[in-house]
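Enquirer: Prediction below, plus the sequence it came from.
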Amino acid sequence: MLPVIAQVGPISVSSFGVFLAIALVASLFVIWRIGRAYDVNEEKLTSLTVISFLGGLVGARILAVGLNLELFDTYEKVLQINRYPGLSFWGGLIGGLLTFWLLSLKNRLNFWSLADFAAAGFILGVAIADVGCFLGGCGYGVSSDLPIALNVVGLVGKRLPISLIEAGLLFLLFRIIWGQAIRFHYSGYVLASTFIYLGIVKFISEFFRGDKISLLVISNQLELSVGHIISLLLVLFGVVVIYQRSKRIFVSDLVSILAYLTSSKKRTTTLLSLKKRWYNLKVSWTIRLGRFNRKTKVVPRLTMRRLNVKYTPKNFR
């Protein structure tokens, strides 16, 4: 853990703050890159992203204060974020999305198309911010005896590094969302997919968080938190957007599902399709790993040649 990455006199630079800045820059680059490919006004898109980021920070602070009123009993504590830290991911998501939507309406821009570009940058930014959260000790996990469990500043016992695990999943999710964003799609599809995937990841990770706020206790072993409820709402919102933007009919899809459950022929066809997809995926990753392996062998040799360094022979005859 490294809560403070640098100390300049009385001013301390937090790890989370540094990674939050890196997340903003990385998100801006991704959004700019995709927008440029689609010939979107780069200046407007960049301004929209930065202002939405600031709106997200305000929303994150408001929800964090609202959920922890006992810790913020004065206005000074609310405003002095450096001395009294506290941000809520869900507040940031709501605040940023609301700001993005209002600015799109004000500037008469297509919200759904721009939101598709922003979704890829948003996921990458969240993944990077999660790494900073891990270093800062926020978003810690439950107590654990697993080998990957680590000590957290200010807490007793080792904790599961849930922020780091979540960051890894979000980096993989970014790869998926990036592929969707650069290919042809109807407007709103990438945003909806992002919300569905993100909601699923957050819903699962919420069970392993040590700082969750319980909302509904189902049993001694199971309880739902505020994060669980918002995650489910996020998935539901993504599904609604997909049906609304694609003009698909929910009843028709429901009939298809029922037909799949009752028809052995449809099940066989679906299984064959899944086997083909799995085979293609396996072949694709085999080729990628092979290329990566060849590059890792070739690059050092080229570097040594340019440095005029001779190899040490291993076999003498």
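Expert: Happy to help now that I have it.

Enquirer: what about Asp130, neighbour count?
Expert: Using other C-beta atoms under 10 Å, Asp130 has 27 neighbouring residues. C-betas here are computed from N, CA, C, even on glycine.

Enquirer: Look at it and report its pLDDT.
Expert: On pLDDT, Asp130 comes in at 91.

Enquirer: residues in contact with it?
Expert: Neighbouring residues of Asp130 by C-beta atoms under 8 Å, 6 or more residues apart in numbering: 139, 163-164, 166-167, 170.

Enquirer: and of those residues, the nearest to Gln80?
Expert: Gly139 (21.3 Å; C-beta to C-beta).

Enquirer: quick one: the closest one and Leu160, what's the gap?
Expert: Plainly put, Gly139 is 11 Å away from Leu160 if you go by C-beta to C-beta, to the nearest Å.

Enquirer: Same question for Pro147.
Expert: Applying C-beta to C-beta to Pro147 and Leu160 gives a distance of 11 Å.

Enquirer: Comparing these two, which residue is more hemmed in?
Expert: Leu160 (22 against 6).

Enquirer: so what's the closest residue in space to the more buried one that isn't next to it in sequence bridging to?
Expert: Leaving aside its chain neighbours, Leu160 sits nearest to Gly141 (3.1 Å; criterion: C-beta to C-beta, 6 or more residues apart in numbering). Per DSSP bridges, residues listed as beta-bridge partners of Gly141: Arg209.

Enquirer: How about the contacts made by Gly137?
Expert: Gly137 makes contact with 1, 3, 152-155 under the criterion C-beta under 8 Å, 6+ apart.

Enquirer: Now do the same for stretch 246-258: mean pLDDT, whole number.
Expert: Stretch 246-258 shows an average pLDDT of 80 in the prediction.

Enquirer: how much distance is there from that stretch to the middle of the chain?
Expert: 29 Å (C-alpha atoms, centre = their mean, to the nearest Å).
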